[in-house]
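S.K.: structure for the following, please:
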Amino acid sequence: MEFPTLDTSRLRLTQLSAEDVSSLFTVFSDENVVKYYDTDVYQSEEQAAKLIEFFNGRFAENAGIRWGIRLKESDALIGICGFHSVNTSMKSAGIGYEIASKYWGNGYVTEALAKVIECAFSEASPFDGLYRIQVDTMDSNLASEAVLKKLGFKEGGIRRGAGHWKGGFHDLKCFGLLKSDL
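M.R.: Predicted coordinates for the structure are as follows:
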């Protein structure tokens with residue numbers, strides 16, 4: 001299947017390539033971006049290159065899809081979003097998103113995810129029959145929760161101590177969006 005390119009009024013969502021290594025490194029080398037993640041701040045562009053290879057491999061295996069989020073006006077890569085895992089038998093997918101902190105507060109993540117969700121639940125979806133999209137957030141990640149709630153995700157509860165990274169256990173809030181919710 002060909003990688004789908006998605007457009008919004010301000011953004012173009014595309015497949016990541018080797019040309020995006022430097023921009024992706026900028027995103028993941030920012031302590032603020034990875035604060036709530038089970039990853040450390042990137043130390044080299046090689047880490048970003050491997051992440052791009054990983055995401056493109058997941059798409060080739062029909063196991064996930066991650067788009068580069070680009071500003072239409074400049075084609076600058078400002079972040080990524082999409083499904084890190086897809087379970088076709090359960091008709092569900094786990095969604096994720098990261099954006100350079102200098103672009104926070106402009107509604108870009110909400111805009112990008114709205115388009116990804118529209119695609120995921122449409123007949124044009126690369127993952128036929130998707131019914132549920134889910135995401136976990138750390139209990140203290142209020143900005144991410146606000147984005148999810150704006151998009152119609154419903155809180156499904158707290159999984160106590162379900163995350164373990166950066167030397168500690170973390171409670172994770174589970175959010176879900178069903179095709180029938182739209």
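
S.K.: alpha carbons only: can I get stretch 49-65 in PDB?
M.R.: Provided in PDB are the C-alpha atoms of stretch 49-65 (Å, rounded to 0.1, in the frame of the first residue of the first chain):
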ATOM      1  CA  ALA A  49      17.600   8.100  11.800                       C
ATOM      2  CA  LYS A  50      16.900   4.800  13.500                       C
ATOM      3  CA  LEU A  51      13.500   6.100  14.700                       C
ATOM      4  CA  ILE A  52      12.600   7.000  11.100                       C
ATOM      5  CA  GLU A  53      13.600   3.500   9.900                       C
ATOM      6  CA  PHE A  54      11.600   1.900  12.700                       C
ATOM      7  CA  PHE A  55       8.400   3.900  11.800                       C
ATOM      8  CA  ASN A  56       8.800   3.200   8.100                       C
ATOM      9  CA  GLY A  57       9.300  -0.500   8.900                       C
ATOM     10  CA  ARG A  58       6.200  -0.600  11.000                       C
ATOM     11  CA  PHE A  59       4.200   0.800   8.000                       C
ATOM     12  CA  ALA A  60       5.800  -1.800   5.600                       C
ATOM     13  CA  GLU A  61       4.700  -4.500   8.000                       C
ATOM     14  CA  ASN A  62       1.100  -3.000   8.300                       C
ATOM     15  CA  ALA A  63       1.700  -2.800  12.100                       C
ATOM     16  CA  GLY A  64       1.700   1.000  12.500                       C
ATOM     17  CA  ILE A  65       2.000   4.400  10.700                       C
END
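
S.K.: ranges for the helices of this protein?
M.R.: Secondary structure of the chain (DSSP state H): helices at 21-28, 45-60, 108-120, 142-150.

S.K.: next, format the ones you listed as TSV and append mean neighbour count, mean pLDDT and distance to residue 80.
M.R.: In this view, the C-beta of every residue, glycine as well, is placed from N, C-alpha and C. What follows is the helices of the chain, written out as TSV (neighbours: other Cβ atoms under 10 Å; pLDDT from 0 to 100; distance: least, Cβ to Cβ, whole Å):
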stretch	mean neighbour count	mean pLDDT	distance to residue 80
helix 21-28	19	98	7
helix 45-60	16	97	8
helix 108-120	21	96	9
helix 142-150	15	96	14
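
S.K.: and those helices as a markdown table, adding distance to residue 4?
M.R.: Converted to a markdown table, those look like this (distance: least, Cβ to Cβ, whole Å):
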| stretch | distance to residue 4 |
| --- | --- |
| helix 21-28 | 20 |
| helix 45-60 | 10 |
| helix 108-120 | 6 |
| helix 142-150 | 22 |
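
S.K.: ok, which of these comes nearest residue 11?
M.R.: Nearest to residue 11, of all the helices of the chain, is helix 108-120, at 5.6 Å by Cβ to Cβ.

S.K.: hmm, who's touching the closest one?
M.R.: 4, 6-11, 13, 67, 69, 78-79, 81-83, 93, 95, 97, 99, 125, 127, 130, 133, 147, 150-151, 177, 182 (Cβ atoms under 8 Å, 6 or more residues apart in numbering).
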